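*Asks:* Here's a sequence, model it:
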Amino acid sequence: MGGRVGGLSHKFYRETAGIKVSGGQQVKEGAVLTREGDQWKPGLNVRGRMHLSAACAGEVYFTKKRSRDGKRATYVNIRPLEVPAKA
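*Replies:* Numbering: from 1, shown residues only. Got it, this is the predicted structure:
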């Protein structure tokens, strides 16, 4: 009895990797933003290195920056939701 049992085969695994949210989308704390990608870097309120996740609830936005050696990187950021002041 050989082969894989359940799960994803290597043929279809590529379809699950990549960016999971778009700019302007509202996310909850802990939401997965990207999977298996080094072209996205963690920005403000984002955790992780290869799998980026939200550190707080808010709105997703992207920024692009150029490093000293000229490479461009896309940073995934989260603008936190406004918390109403307690009275």
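*Asks:* And the pLDDT for the spatially closest residue to Arg49 that is not a sequence neighbour?
*Replies:* Leaving aside its sequence neighbours, Arg49 sits nearest to Pro42 (C-beta to C-beta, 6 or more residues apart in numbering; 7.1 Å). Where you see a C-beta, it was placed from the backbone N, CA and C, and this is true even at glycine. Here the pLDDT value assigned to Pro42 is 93.
*Asks:* same thing with the one 3 residues further on?
*Replies:* The score at Asn45 is 94. That number is its pLDDT.
*Asks:* Gly18 now?
*Replies:* Listed pLDDT for Gly18 reads 84.
*Asks:* these two touch, right, it and Gly37?
*Replies:* Yes - taking contacts as C-beta atoms under 8 Å, Gly18 lies within contact range of Gly37: 6.3 Å.
*Asks:* higher neighbour count, the two?
*Replies:* Gly37 (15 against 12; other C-beta atoms under 10 Å).
*Asks:* gap between that one and Lys28?
*Replies:* From Gly37 across to Lys28, the span is 21 Å (C-beta to C-beta, to the nearest Å).
*Asks:* Can you tell me, leaving aside adjacent residues, what's nearest to the residue positioned nearest the centre of the chain?
*Replies:* Centre of the chain computed as the mean C-alpha position; nearest residue by C-alpha atoms, centre = their mean is Leu33, 2.6 Å away. Spatial nearest neighbour of Leu33, excluding adjacent residues (C-beta to C-beta, 6+ apart): Leu52 at 4.3 Å.
*Asks:* who touches the one you found in this structure?
*Replies:* Leu52 makes contact with Val32, Leu33, Thr34, Trp40, Pro42, Val46, Val76, according to C-beta atoms under 8 Å, 6 or more residues apart in numbering.
*Asks:* Take the residues you listed and lay them out in TSV including secondary structure and distance to Gly58.
*Replies:* What follows is the contacts of Leu52, written out as TSV (DSSP: H, G, I helix; E, B strand; the rest coil; distance: C-beta to C-beta, whole Å):
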residue	secondary structure	distance to Gly58
Val32	strand	15
Leu33	coil	11
Thr34	strand	16
Trp40	strand	17
Pro42	strand	14
Val46	strand	10
Val76	strand	12
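*Asks:* Now, of these, which are buried?
*Replies:* Neighbour counting over the contacts of Leu52 (16 or more other C-beta atoms under 10 Å) leaves Leu33, Thr34, Trp40, Pro42, Val46, Val76 as the buried ones.
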